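*Asks:* here is a sequence with its predicted model. Questions after.
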Amino acid sequence: MRFYLIQFFFLFFLFFSSIGLAQNLVNNASFEKNTPIDCLSCDISDELFSKKMTGWQNLNSHTTICNCNYQKKSSEGKYKYGEVCPLEKIQPKDGCTMIQMGYVPQCLDWDHVTKGCASYLSTLLKEKLAMGKKYEISYWLYIEEPKDPGYEKHIGFTLFPDKIRNPVGAMIPQNVFQIDTLIYHQWYQVKWKIQPTCPLQYLVLGAFRGIDGPPVHNIDKPGNNIYFIDEVSVKEIEVNTVVNQEEVTFFCRPELIPGLAVRSEVKGVRAYFDSGKDLLSDLSKTELDAFAIRAKQNPKTTYLISGHTDNVGSDHKVLSEKRIKSVLSYLEKEHKIPSLRFVAMPKGIDDPNSSNDHETGRKQNRRVEIEQRDYDIEEVVYRNLLEYVFQKNIPQAFKALNVWLHFAHQKSKILMINDPRIEVLKTGERWNQINDRVRKSYQKFPKSRLAYSLDSLWAEDQKGRTLKFYIENLGSYITHIDSTNTDWNVNFQLTENEKEQRDQNHLKTLLQLLGKENWVKKSEVGARAATGNFLVIQHSMDTVLMDAYLPKLKIRCLEGEAEWKYYALMYDRLQINKNLPQRYGTQYQIIAEEKMLFPLEDSTKVNVWRNELGLQALNNFNTK
């Protein structure tokens, strides 16, 4: 009897040990714990994504929550949103939610410093993966037919010891854990076995940059490659389980690329206050002193500083502002940390940390929080500049503007000159000095005066087109906070007649600058200013002038001084204006919410002609 009892307890122990080992260390592994999304283009920022999807971050990348209960809005038509969460043909592997991921070889940043853009999902595991133990990492994958074949083999995962940030949305480098089987248009599970050689806890999923790709970054290939992830699992493998050691990879952390590397998160701080007060306690000062050391070690890191109150008294928003000012003043006075590095958010009673029904909870709510954010330093400084303008604090606005000019990219400066939100600053000697500094920034180009003039012409041409978005992106924008305040909006109110008249005026200016016999070289004025040359002529709709300029543009393309895509665009636009079929397939029209090509000269040769110019092939195209 004793033998059977011992045997029973031994089997009982083994059973529950295996259960313990089989515990999934991933929180919200099937993504079912989430708040309903507001729109298909929403929840892109890491902070908002984390609020919508419990336990997960998107590392400053474009990751979409696809929920089977979401009903597409009338404005989310097939033309623009056909590839976003296509639940009519792809269902989640389990439950009602899956995550749409992607890889794009073309990025929207001017200098393409990220060398491609990829979506990422990341989470802090329930516990650190311990050295000496083995784990199986898996998730379910659904890959659509790729537009850039070869990117898919770079889908995988990696691990870090602690939480990381990805400030510029760069592709994360790693060559170790990539999928080895490609199956399209169906769900299948991918698995890896690892043994950590250092404690690891932060899991990242996505398409990674390896030594052999993904496909070389090409600004003429804007294809969006999409895939889906569901049911993520990290489980310890029982030590006694028969596992081929060759299947287990020893791993600590990925090698990072200088300049594009993700970085460890800088720990923030909380300062607590007495009820109704904005004075810092000695304990809070000590906490801020420790934070200041971390902030100084990361001089370009930016932060969100939020002020909070309990529900006692009134004027909670004002009190939260005063508390923020107390913290910023202390950091600036005692540690020389400028307040321009912080985005201030006075929240009053709107975001309590605990219940206001008891004193313990109210004590937790009387606080100022500082948290790291991934905003560029120049974006945060520009936001503070705008805040000063909105407050009519002109002296501080000029101080912030001069600091911003120190950090700002040269291409951003002409955008600032055209920002209507700072119109109140554009007068007097101080503004003249700002203008001079902007002009001097063009001295990097061989033909600096022409570069400034053409870049200014580009900006004028884009008013009423894309300039609004460029200017709005100068400062960090927090959608769920700023969308209700129209002060942040940039508007150029132009009628169609005004646009046409402006286009003709711009053409006159261009001809005065260049004459009828010249096409600018981008090496002499910069790529964007040279684009102004193309856009002004293209928007003139002057068929005779385009006929005359097209051969000159071709010469510059052959010299490497202009982009072949502009040649293709002008050639096709000229053909359409003459009621002739286009050659390169660059001109589209929208018919019943469907994007359709104007007629082609020869649909069997269009991709041959495009390939000659280095343009991506057209696939599954429709013509009128």
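*Replies:* Right, received. Where do you want to start? In this text the structure is predicted, and so the values were computed from the model without any measurement.

*Asks:* and stretch 73-82, end to end?
*Replies:* Start-to-end span of stretch 73-82 (C-alpha to C-alpha, to the nearest Å) is 12 Å.

*Asks:* how deep is Ala527 tucked in, by neighbour count?
*Replies:* Using other C-beta atoms under 10 Å, Ala527 has 13 neighbouring residues. No exception for glycine: its C-beta is placed from N, CA and C like everyone else's.

*Asks:* next one: the one 10 residues further on
*Replies:* Ile537: 27 surrounding residues under other C-beta under 10 Å.

*Asks:* same question, Pro254
*Replies:* Counted by other C-beta under 10 Å, the residues lying close to Pro254 total 19.

*Asks:* pretty sure it is touching Pro173, no?
*Replies:* Yes - counting by C-beta atoms under 8 Å, Pro254 touches Pro173, with 6.2 Å between them.

*Asks:* wait, isn't Ser412 in contact with Leu474?
*Replies:* Yes - the pair Ser412 and Leu474 qualifies as a contact (C-beta under 8 Å) at a distance of 6.1 Å.

*Asks:* surely Gln189 is in a strand?
*Replies:* Yes - under DSSP: H, G, I helix; E, B strand; the rest coil, Gln189 sits within a strand.

*Asks:* how about the contacts made by it?
*Replies:* Gln189 sits next to 138-141, 231 when contact means C-beta atoms under 8 Å, 6 or more residues apart in numbering.

*Asks:* repeat that with 10 Å
*Replies:* Residues in contact with Gln189, defined by C-beta atoms under 10 Å, 6 or more residues apart in numbering, are 93, 138-141, 181, 230-231, 233.

*Asks:* least confident of those residues?
*Replies:* Within the set of these, pLDDT is lowest for Thr181 (91).

*Asks:* run a quick neighbour tally on that residue.
*Replies:* Thr181 sits with 9 neighbouring residues when counted by other C-beta under 10 Å.

*Asks:* check His539 too.
*Replies:* For His539, the neighbour count with other C-beta under 10 Å is 19.

*Asks:* for it, grab phi and psi.
*Replies:* Here is the backbone geometry of His539 (degrees, to the nearest 10): phi -80, psi -10.

*Asks:* can you tell me the closest non-neighbouring residue to it?
*Replies:* Distance criterion C-beta to C-beta, 6 or more residues apart in numbering; nearest residue to His539, sequence neighbours excluded, is Asp503 at 4.7 Å.

*Asks:* surely Pro146 is within a helix?
*Replies:* No - Pro146: not assigned to a helix; according to three-state DSSP it is coil.

*Asks:* do you know how far it is from Phe469?
*Replies:* Distance of Pro146 to Phe469, given as C-beta to C-beta, to the nearest Å: 29 Å.

*Asks:* look at these two and report which has more neighbours.
*Replies:* Ranked by neighbour count (other C-beta under 10 Å), Pro146 and Phe469 place Pro146 first, with 18 against 11.

*Asks:* wait, doesn't the more buried one sit right on Tyr103?
*Replies:* Yes - assessed by C-beta atoms under 10 Å, Pro146 is found in contact with Tyr103 at 8.3 Å.

*Asks:* let me see the contact set for Lys277.
*Replies:* For Lys277, the contact set (C-beta under 10 Å, 6+ apart) comprises 319, 322-323, 326, 366.

*Asks:* now do the phi/psi pair for Ile591.
*Replies:* Residue torsions, per degrees, to the nearest 10, at Ile591 are phi -130, psi 120.

*Asks:* tell me what it is bridged to.
*Replies:* Note on Ile591: beta-bridge partners by DSSP bridges are Glu594.

*Asks:* count the neighbours of it for me.
*Replies:* Neighbourhood size, Ile591 [other C-beta under 10 Å]: 11.

*Asks:* can you check the pLDDT for it?
*Replies:* Predicted confidence (pLDDT) for Ile591: 81.

*Asks:* on that earlier part again, what helix or strand does the residue nearest to His539 sit in?
*Replies:* Using DSSP states H and E, Asp503 falls within helix 496-514.

*Asks:* adding distance to Trp431, write the contacts of Gln189 out as a markdown table.
*Replies:* Formatted as a markdown table, the contacts of Gln189 follow (distance: C-beta to C-beta, whole Å):
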| residue | distance to Trp431 |
| --- | --- |
| Lys93 | 58 |
| Ser138 | 60 |
| Tyr139 | 55 |
| Trp140 | 58 |
| Leu141 | 55 |
| Thr181 | 62 |
| Asp230 | 55 |
| Glu231 | 58 |
| Ser233 | 59 |
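
*Asks:* take the residues you listed and keep only those in strands.
*Replies:* Judged by DSSP state E, these include 138-141, 230-231, 233 as members of strands.

*Asks:* nearest to Glu127 among these?
*Replies:* Closest approach to Glu127 among those (C-beta to C-beta): Ser233, at 14.5 Å.

*Asks:* re the thing from before, any common contacting residues for Ser412 and Leu474?
*Replies:* By C-beta under 10 Å, 6+ apart, Ser412 and Leu474 have these common neighbours: 378-379, 382, 404.

*Asks:* ok, the residue nearest to Tyr272 when sequence neighbours are not counted - contacts?
*Replies:* Nearest in space to Tyr272, with sequence neighbours left out and distances taken as C-beta to C-beta, 6+ apart, is Arg367 at 5.2 Å. Applying C-beta under 10 Å, 6+ apart, we find Arg367 in contact with 270-273, 284, 306-310, 320, 323, 352-353.
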